[in-house]
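*Asks:* give the three-dimensional model of this entry:
(chains A and B)
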Amino acid sequence: MGFRESWFHAVFWKRFRGNRLAVAGGCVVLLLFAVSLLAPYITPWDPHAIDAYHVLLPPSTDHWFGTDELGRDVFTRVVYGARISLKVGFVSVGIAVAIGVVLGLVSGFYGGIVDTVIMRFVDIMLCFPTFFLILAVIAFLEPSIWYIMAIIGLTGWMGVARLVRAEVLSLRERDFILAARALGASDARIIFRHILPNALSPVLVSATLGVAGAILTESALSFLGIGVQPPTPSWGNILTSGKDYIEFGWWLSLFPGLAILVTVLAYNLLGEGIRDALDPRLNR
Amino acid sequence: MVPLLLGITLISFVVIRLAPGEPVEAMTAMSPKITAETRQRLREFYGLDKPLHVQYATWLKQVATLDFGRSFAPDNRPVTDKIKERIPVTISLNLIALILEFGLAIPIGIFAATHRDTLYDKGITIFVFLGFAVPTFWLALLLMYFFGVKLGWLPISGLHSLGSETLSPMAWFVDLAKHLILPVSVATFGSLAGLSRYMRSNMLEVIRQDYITTARAKGLTERAVVYRHALRNALLPVITFLGFSLPGLIGGSVIFETIFAIPGMGQLFYQGVMGRDYPLVMGILVIGAFLTLVGNLLADLGYALADPRIRHGRG
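*Replies:* Have a look, this model is predicted:
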């Protein structure tokens, strides 16, 4: 581990720090974590408090992002919406990475018929327009954020599986694996102790970018009315009211959309930054 | 090809049938008069009382003859007919968007690559990152607000204005074009970023190669080097990209067809999903996946045709 740690500090961190955009992305991601954790302390309003006297107010010093059709503070709802986005992003990517890593490891390590079957399955899954598949399943389930996270995860693991498999194939024949085998290490030990740690960096990149994708998917689903259900605020479902009240309140459409844009942008920049910092070919 | 097709049908079937809630329940939930016996009869009528593998076999036999059964919607029409009349809309819309996308993204990518690290390149990089991050439905909303509501320049829903049948062919076409501007722009923008970035990195990769140095050393102009020598090789992987982007395009149509009320496959799918129209949803899933498969195959063929190394069996 000593080598990895020193490599991390000396090379990775130095390269990553040099990439201003990636650092900015990382800061925004941290900020989003803080906002989700501290939501009740950031805003004085209650995200569910209906106020019939203050409906569809434009942005003001009281209501930074205005109020919605039920008089709720839009800034507050956007802040609480960050919680949903983070949750969806991390849980669904966690599921996707877990499935992708296991199938990729098994496929690459054992090869043969197991590999053929798994990779064929990946090919088939990749044929489906993902959004169709997600919609089809979600529509037949009770609307729940857990189903949404599960389904985004279950339809998003194929890329990771391919990545991990490719890494395993290139690692499998190396001398240090042979050495481990000669020392009598079991398959499980070789896979998890020797191969997995070496295959993790592309997975990390793909996971970071995956969070961005999952957040976009969730917001699109919520926007279509089959994702996170009101009154729970999510950026997507605030935009649904934005669409319904487009002639009366631009602020209902503008701010939640900006929140999605900034968040997705931040994760993408972070992911690309990690990739560049890990890529040995890019010695800048 | 055949195992892939079988897999596609199997997954479509399993995914829909494993979901809780039953079609007959969904169909009859709104009418309290229906008794348990009627439900049972409906179940038998649709073959839903048989074991799953039998149902799958029956359905597969139908699908093999391109028969996806009848829609559960009140009109009760064959699913194939319903899909058939929607496919042209979605495909032509996506085709226009695709042509625009390639027409814009390839020059943008080349330009960014040949002007590497200049202000243009940085501007384009920012644009690309924004393009990746903008939710298309939000962009659609903003465009609808500005050009539809605020300025009143463009219609924001459907493909034709009311009473467009009475217009002269020219006016009818202008009307259609006006309706298409917003949805096509949104569809194009959504995929522009990915392709221009891809094109840029291809071009950068190619420009680094030895034969380009040779071409430069021969004293060719930069123009000739870029457009005659580098471009061809940089364009090759784009063919594969085309194949990969198909499922995204088809999937994305759900969003903008729903927002702009365009009667295409995406909207039909959304309606089917909301109405729990099992045969329709399964039909579109299979056809969507099938179209993707065909697209990938065409991309592979196109690649083989375009790449002399493969064409002459040396690759």
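*Asks:* how about residue B:77: what's its closest non-neighbour residue?
*Replies:* Sequence neighbours aside, residue B:71 is the residue nearest to residue B:77 in space, at 5.6 Å (criterion: C-beta to C-beta, 6 or more residues apart in numbering or on different chains). (Glycine included, C-beta is placed from N, CA and C.)
*Asks:* measure that neighbour to residue B:17 for me?
*Replies:* Using C-beta to C-beta, to the nearest Å, residue B:71 is found at 17 Å from residue B:17.
*Asks:* who's more crowded, the two?
*Replies:* More neighbours surround residue B:71 than the other of residue B:71 and residue B:17, with 25 against 17 (other C-beta atoms under 10 Å in any protein chain shown).
*Asks:* ok, the residue nearest the centre of chain A - contacts?
*Replies:* Nearest to the mean C-alpha position of chain A, counting by C-alpha atoms, centre = their mean, stands residue A:211 at 1.0 Å. In this structure, residue A:211 makes contact with A:89-90, A:93, A:267, judged by C-beta atoms under 8 Å, 6 or more residues apart in numbering or on different chains.
*Asks:* likewise residue B:282?
*Replies:* B:12-13, B:16, B:59, B:68.
*Asks:* what parts of the stretch 101-250 of chain A come near chain B?
*Replies:* A:120-121, A:123-133, A:135-137, A:139-142, A:212, A:216, A:219-220, A:223-224, A:226, A:239, A:242-243, A:246-247, A:250 (C-beta under 8 Å from any C-beta of the partner chain).
*Asks:* skip ahead from the least confident helix or strand in chain B by mean pLDDT and say which helix or strand is next.
*Replies:* One helix or strand of chain B scores below all others by mean pLDDT, DSSP states H and E: helix B:23-28, with a mean of 64. Of the helices and strands lying after helix B:23-28 in sequence (DSSP states H and E), the nearest is helix B:36-45.
*Asks:* buried residues, that following helix. List them.
*Replies:* For helix B:36-45, the neighbour count (16 or more other C-beta atoms under 10 Å in any protein chain shown) marks B:39, B:42-43 as buried.
*Asks:* near chain A, list only the ones from these.
*Replies:* Okay, of these, nothing touches chain A (C-beta under 8 Å from any C-beta).
*Asks:* let me know the pLDDT of residue 233.
*Replies:* Just so you know, I chose chain A. What the model reports for residue A:233 is a pLDDT of 90.
*Asks:* actually it's chain B I care about, not the one you picked
*Replies:* Taking residue B:233 on its own, its pLDDT is 85.
*Asks:* and it, how many neighbours?
*Replies:* Counted with other C-beta under 10 Å, residue B:233 comes out at 17.
*Asks:* same check on residue B:268?
*Replies:* Residue B:268 has 27 nearby residues by other C-beta under 10 Å.
*Asks:* in contact with it: list those residues for me.
*Replies:* Listed by C-beta under 8 Å, 6+ apart, the contact set of residue B:268 reads B:82-83, B:86, B:280, B:284.
*Asks:* kindly report the same for residue A:129.
*Replies:* B:247-248, B:250-251, B:288-289, B:292.
*Asks:* could you list every residue that touches the residue lying closest to residue A:267 once chain neighbours are set aside?
*Replies:* Nearest residue to residue A:267, sequence neighbours excluded (C-beta to C-beta, 6+ apart): residue A:212, at 3.8 Å. Counting by C-beta under 8 Å, 6+ apart, residue A:212 makes contact with A:89, A:263-264, A:267-268, A:271, B:132-133.
*Asks:* what residues does the stretch 101-250 of chain B put near chain A?
*Replies:* Taking C-beta under 8 Å from any C-beta as the criterion, the stretch 101-250 of chain B approaches chain A at residues B:129-130, B:132-138, B:141-142, B:144-145, B:149, B:247-248, B:250.
*Asks:* can you map out the helices along chain B?
*Replies:* For chain B, the helices defined by DSSP state H cover B:2-18, B:23-28, B:36-45, B:52-64, B:79-114, B:119-133, B:136-143, B:169-207, B:210-217, B:222-224, B:231-259, B:265-274, B:278-306, B:308-311.
*Asks:* same question for the fourth one, mean pLDDT?
*Replies:* Averaging pLDDT along helix B:52-64 yields 85.
*Asks:* equivalent analysis for the shortest one, please.
*Replies:* Computed over helix B:222-224, the mean pLDDT rounds to 85.
*Asks:* any idea how far chain B is from residue A:26?
*Replies:* 15 Å (C-beta to the nearest C-beta, to the nearest Å).
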